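missing the sequence, but the structure's below:
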DNA sequence: AATGAATGAGACTTCATTCAT
DNA sequence: AATGAATGAAGTCTCATTCAT
């Protein structure tokens, strides 16, 4: 199947990467210019596909947008999952969480920007809310390996708030803030971490 | 000559509210259609001003956008300020905070949406980050009447995270979550407050 | 449905002369109204193509302008070439040159005007200087069939100067001026040429 | 009169420099951006006068353009006049002429460009032809101090042609070309200059 | 006499989509 | 199945001019 392009098949079968390439290009372009700045033309050029392909593969910009953000939400929600996966106990989970807050998002403008683009879409439209809700569910599932449901919810919200404030402020937060936050949310529930 | 124009003056020469009306119309339109969906034409129509007015009063869409969000940020950051203003001690401040989380934002799709549009802009561009940073500063100043600086920062971040998760989830959060969060952040610092 | 469109196909899909027609229309409009007076709209109307065609076929007004003047420069530089082609010896070449000065340009306001529009562009921008330089090279090549290089250069300059002064003066020049000029430039070089 | 601005005259008399400043600014802007690129706005900004002044002082762009080019034509035609003025005999007049060809115009993009803008206008419209005709008349009068009328006309045309070709070519002309041209036009009329 | 405010017209360009192939 | 050609609608912005002051 794959890899038999050379022998001139009578009917060139549909190029399976085409769609993927378009979606990736769209995502990159959204990161750069915002949802407000994209267009079929720009995406087609970035993906190096003919303009006509765009409306052939996707019914409209709407559909493309939805698929692009679905891909993004999945990929980004894998992140905290991997971090929690790598942790082996509550203590290292806390460390991982702090690192996540302090590095993952601030370290990547691309993700920061795409996250907000998605939130903006989700704030207005239920279709996208499905994406953000699934993302949250996945985050929480990851966290629940080490924390009880309520603590998990609070930690999840806290991560969100700290991350956003870190990104949207002009001055950096005081050092150690993230850890302090986590410690307070944890309170006396379960094993307490001695001051690191 | 032709027509019945007598009542309306041919040229509305003086209209000092013009600029303001345009800004308000822009904000309303952004709430409805998003930054991606606005245009000079639509805003002009909504504000009932000639299209030519748009670039007369604002050097470009950029300038209009910036002024619109400046107005929004100011108005919305007054909100928590007023809530804290109305509180008279730490306990009622906590109550106010919980109410703020549970009502202010979720209660108004307009504000939720505009907030995210602004965050998206701010994530990409420093000019807008100035707006969000000022907003955060104002929130914190309000909170610092009742809480120490570190607690304030954490509460502020928590409010952000809980609000967003509330808005971007498809299921409502468990009741009492906001209060539980605040209580944990407060921890044993200062006044006791028995578990609600 | 409404109207009597039956005869005309709804969408004129294939029209291979489209680009050419636009260039011609542009040139004619420049002759009439000047580079300062043209616009996509006017050219589109003159060429009977949709406005949207303009930037579809040409990346911008710049590109259209360049192609239009390239066409013009080529067509006009063919002129003296043809005249020199028709001459069979030095004497008839001189006659042809005099006729060229006295008739070709003054005889056609269109060419006069377009020439100056091109010169104005070339005075400011190297891209257009490539056109005028090629034109001059071609003129000189034509003349060098009958005259040595230095004489050719001088004749070429003289033709230019006399033509322009003829066109930009309000009174006609004294009769015989062009011939006198050529005779002087030729001087005693080569064949004598008895006073006509 | 001049210099009594301090004592608050009851009625601020019309600022006599205003018109001049506008004309100069227009000329400079035309040199930079071309007739095609100017506008009331840009000129007003460059002259530092209110936009409203423009149509107050000049009936329209037409009038301003005419005055600007009248000023330019006068100033530039003074140039050769001064050169001929400085010469004291036929030989030094020839030297001055050669210098004029080789330096005056090529030395100043501004003048080159403005000259062509004027020629372009004159090629199309008689009003501007009056300007170019007067300019030529003045040039010829200057030259007739040293040369007979026919020679003058030919020299004048030659200067024109050589200057233009020098400016519109991409390669520089062979050295000594201008002098060779003048020598040939002079021919055996009057005193001949030995090859320098 | 002079000008700031305002605007309708029109400038160039980009766009999503359609259609014939 | 896929796409190059084409276009009508709409985008932002600039403009000359008018008018009230």
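In hand now; what should we look at? Remember, predicted model here, so these are calculated numbers, not experimental data.

check what pLDDT the nearest residue to residue A:69 once chain neighbours are set aside gets.
Nearest non-adjacent residue to residue A:69, counting by CB to CB, 6 or more residues apart in numbering or on different chains: residue A:118, 5.1 Å away. From N, CA and C alone the C-beta is placed, and that goes for glycine too. According to the prediction, residue A:118 has pLDDT 97.

burial count for residue A:118?
When neighbours are counted by other CB atoms under 10 Å in any protein chain shown, residue A:118 registers 26.

cool, and residue A:59?
Per other CB under 10 Å, the neighbour tally for residue A:59 reads 9.

phi, psi of it?
Main-chain torsions, residue A:59, degrees, to the nearest 10: phi -60, psi -30.

please name every helix or strand in contact with the helix or strand hosting residue A:162.
Element membership of residue A:162, judged by DSSP states H and E, is helix A:149-168. Under the contact definition 3 or more CB pairs under 8 Å, 6 or more residues apart in numbering or on different chains; DSSP states H and E, helix A:149-168 sits against helix A:126-143, helix A:177-186, helix B:109-124, helix B:126-143, helix B:149-168, helix B:177-186.

which one of these lies closest to residue D:185?
Ranking the helices and strands packed on helix A:149-168 by proximity to residue D:185 (CB to CB) places helix B:126-143 first, at 66.0 Å.

for the closest one, packing partners?
Under the contact criterion of 3+ CB pairs under 8 Å, 6+ apart, helix B:126-143 touches helix A:149-168, helix B:61-86, helix B:109-124, helix B:149-168.

where are the low-confidence patches of chain A?
A:1-16, A:106, A:188-196 (pLDDT under 70).

residues contacting the residue nearest in space to the middle of chain A?
The geometric centre of chain A, computed from its C-alpha atoms, lies nearest to residue A:76 (CA atoms, centre = their mean), at 2.8 Å. Residue A:76 sits next to A:111, A:114, A:115, A:135 when contact means CB atoms under 8 Å, 6 or more residues apart in numbering or on different chains.

and with 7 Å instead?
Applying CB atoms under 7 Å, 6 or more residues apart in numbering or on different chains, we find residue A:76 in contact with residue A:111.

report the separation between it and residue B:115.
Counting by CB to CB, to the nearest Å, the separation of residue A:76 from residue B:115 is 21 Å.

my guess is residue A:129 meets residue B:167, correct?
No: with contact defined as CB atoms under 7 Å, residue A:129 and residue B:167 do not form a contacting pair (8.6 Å).

where does residue A:58 fall, phi/psi-wise?
Backbone torsions for residue A:58, taken as degrees, to the nearest 10, come to phi -130, psi 130.

rewinding a little: so which of the helices and strands packed on helix B:126-143 comes closest to DNA strand E?
DNA strand E sits nearest to helix B:61-86 of all the helices and strands packed on helix B:126-143, at 13.4 Å, using CB to the nearest atom of the strand.

what are the buried residues along that closest one?
Using 16 or more other CB atoms under 10 Å in any protein chain shown as the test for burial, helix B:61-86 gives B:61, B:64-73, B:76-77, B:79-81, B:83-84.
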